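**Student:** Any chance you could fold what I've pasted below:
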Amino acid sequence: MQPLFTDAFAGRRVLVTGHTGFKGSWLSLWLARMGATTAGYALEPPTFPSNFEASGVASIVAEHHIGDLRDLPRLTDVVASFRPDAILHLAARTVVLDGYADPAEAFSTNVMGTVGLLEAVRAVGRPVAIVAVATDKVYANDEAGRPFREGDPLGGHDPYSASKAAAELVVDAYRASYFPPDSIESHGVALASARAGNVIGGGDWTPHGLVADAFRALMADQPVSIRHPEAIRPWQHVLEPLAGYLRLAARLMGPNPAPACRAWNFGPGRVGSVDVRHVVDGLIAGWGRGSWVQPDGTPGPAEATVLRLSSAAARRDLGAVPAWPVDVAIARTAAWYRRFAADPSAAQDACLADIEAYEREARRKSG
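**Tutor:** Below you'll find the model as predicted:
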């Protein structure tokens, strides 16, 4: 059987920005399971409850730093002292509605935070592999419904999407100006970006997030309110894009990283792109009771009706074959929240059980 991407991280030093967030907390748990030495750099947990606190992530990382990416002297000190082999850059403002409410903060954090990280790497001057995490919303969405590919034009009709597209331009500019792939042997920095589809999974308490709002309502025996039940998104379990980031980081740390220094999409196959109604119906079925409603009146700021992502390049060149179909991802998410509702102290065990099950299936599909 071929080695899995997880085998590449034992004994490696990995810096995770945004480790206090939903995806960052899952990633930190997974890296610890792999035997990596992990440092985290982020603001305080952005939600309450938070998976970071419920799963005790602070106790499993080697270093836990609370700080702002825009604090360049502090961030540079952390990068210099920790000496990472890889940096997984997840820290960002991630909520579309929050971007509408405070666009200046979305642009400042997502654009200048990325600049700050890359400036810290430049100042330290050590070899490192960097995966800068973006989003499927970086594309100029014409609502045609076709899956976006990495070479399609960037855009963004709302502040959050535009800020992440701008951050991608920052990554591209730094790669071309300071970290060109054809001279990695001289500067040592392998830089790539990763654009992921919509994620679901246990421990997500993001305000205005579909899963968080659904389970807040279900736990309170209230109907789930969904603004756009017809909206189609490339849904996937949180472990799917994390596996993509790890595969990419492993490639960047390996021999001949230059071809991987580019943008990559990580999302489900076409059958994984389903509407919000499908996801919520599945979450309710997995919870065992409940209903949903669409509120009357204006549904809120405009959002894309259809968004699909092509991950053909990642499947072909990185072996990033999704392990869990969308309905498995939905069922696993509901099961996590059922377990948490019964025993909040079981959050870490619930995450690790999902990680172990995902690894088994990923290993089976890898041959």
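**Student:** in terms of contact, does Gly40 touch Ile60 like I think?
**Tutor:** No: Gly40 is not in contact with Ile60 according to C-beta atoms under 8 Å; the separation is 9.9 Å. For the C-beta atoms, the positions are set from N, CA and C on the backbone; glycine is no exception.
**Student:** Next, show the common contact partners of those two.
**Tutor:** Taking C-beta atoms under 8 Å, 6 or more residues apart in numbering as the contact rule, Gly40 and Ile60 both touch Ser28.
**Student:** quick one: the closest residue in space to Leu4 that isn't next to it in sequence and Ala10, what's the gap?
**Tutor:** In space, and not counting its chain neighbours, Leu4 is closest to Arg363: 5.2 Å by C-beta to C-beta, 6 or more residues apart in numbering. Look at Arg363 and Ala10: by C-beta to C-beta, to the nearest Å, they are 16 Å apart.
**Student:** circling back: between Gly40 and Ile60, tell me which one has more neighbours.
**Tutor:** Gly40 (30 against 16; other C-beta atoms under 10 Å).
**Student:** a strand runs through that one, doesn't it?
**Tutor:** Yes: according to DSSP: H, G, I helix; E, B strand; the rest coil, the state of Gly40 is that of a strand.
**Student:** Read off the pLDDT value for it.
**Tutor:** Predicted confidence (pLDDT) for Gly40: 98.
**Student:** same deal with Asp142?
**Tutor:** 85.
**Student:** Count the neighbours of it for me.
**Tutor:** Asp142, neighbours per other C-beta under 10 Å, totals 13.
**Student:** what's the answer for Asp221, then?
**Tutor:** 8.
**Student:** element containing it?
**Tutor:** Counting by DSSP states H and E, no helix or strand carries Asp221.
**Student:** what does stretch 330-342 contact?
**Tutor:** 54, 200-203, 211, 215, 218-219, 235, 237, 279, 282-283, 285-288, 324, 346-347, 350-351, 354, 357.
**Student:** Neighbour count for Arg363 and Ala10, which is higher?
**Tutor:** Neighbours around Arg363 and Ala10, counted as other C-beta under 10 Å, are more numerous at Arg363. The numbers are 15 against 10.
**Student:** Let me know whether that one touches Ala243 as I believe.
**Tutor:** No: with contact defined as C-beta under 8 Å, Arg363 does not reach Ala243; the gap is 11.2 Å.
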